[in-house]
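S.K.: Kindly generate the corresponding structure for this input.
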Amino acid sequence: MKKFLHYIDAASDWIGMFFLCVMCVVILLQIVARYALNNAMAWPEEIARFSFVWATYFAISICMKDESHLRITLIQSLISKKAARYIDLFCMGLNILFFAVCTWLSLDMTLKVQEMGQVAVSIPVPVYLVWIGIPLGCAVTLVQSVRDFVRIRARKAEQEGE
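M.R.: Prediction:
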């Protein structure tokens, strides 16, 4: 199981970084073409937008894995450690529910977009290929949330055993 999670971590890191780099390079290319060559192109804007979608949803997963997402911990700092662990478990349970619903709904929307057969305006790519990044990113984040929930439970059991 750990090997499977390691592959998911590595894949989400590489996918997120790849699309972030693609977005930056394409935007830089567009800036150079527009201002230095005085020739604006249509396709870089669309590729940058599509890359942004993929990079964003996989960045959520990376932040969940590294626990580098924003958190409001005022309540946990004012209560006992035992109660704070229960709040962490409750919040992670809400995360699991949220990302499960997001995965389901975004997959449903992606399938509807696929049925429409829509193609991107400036590049000959089916639009559902862009949309599929949303359920994939949410599914990977769901896996990260379940892993964090298990990690918090293990930490809780470990601290109660002391």
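
S.K.: What score does the nearest residue to Leu5 once chain neighbours are set aside have for pLDDT?
M.R.: For Leu5, ignoring the flanking residues on the chain, the nearest one in space by CB to CB, 6 or more residues apart in numbering is Arg147 at 6.3 Å. Backbone N, C-alpha and C define where each C-beta goes, glycine included. The model reports Arg147 with a pLDDT of 89.

S.K.: what's the answer for Glu160, then?
M.R.: With respect to pLDDT, Glu160 scores 58.

S.K.: circling back to that earlier point, any idea how far the residue nearest to Leu5 is from Asp9?
M.R.: Distance of Arg147 to Asp9, computed by CB to CB, to the nearest Å: 9 Å.

S.K.: Mutual contacts of those two, please.
M.R.: With contacts taken as CB atoms under 8 Å, 6 or more residues apart in numbering, the residues that reach both Arg147 and Asp9 are Lys65.

S.K.: What are the buried residues along the helix or strand the residue nearest to Leu5 falls within?
M.R.: In the assignment (DSSP states H and E), Arg147 maps to helix 133-161. Neighbour counts over helix 133-161 (16 or more other CB atoms under 10 Å) mark 133-149, 152, 156 as buried.

S.K.: what do you get for stretch 13-21?
M.R.: 13, 15-16, 19-20.

S.K.: Return the member of those residues nearest to Lys65.
M.R.: Lys65 has its nearest neighbour among the buried residues of stretch 13-21 in Asp13, at 8.4 Å by CB to CB.

S.K.: what are the phi and psi angles of the closest one?
M.R.: The phi/psi pair for Asp13 (degrees, to the nearest 10) reads phi -60, psi -50.

S.K.: Who are the contact partners of it?
M.R.: For Asp13, the contact set (CB under 8 Å, 6+ apart) comprises Ile62.

S.K.: Would you mind measuring from it to Ile62?
M.R.: 6 Å.

S.K.: quick one, strands of this protein?
M.R.: Here the chain has no strands by DSSP state E.

S.K.: for it, what helix or strand is lowest in average pLDDT?
M.R.: Using mean pLDDT, DSSP states H and E, the weakest-scoring helix or strand in the chain turns out to be helix 74-78, at a mean of 72.
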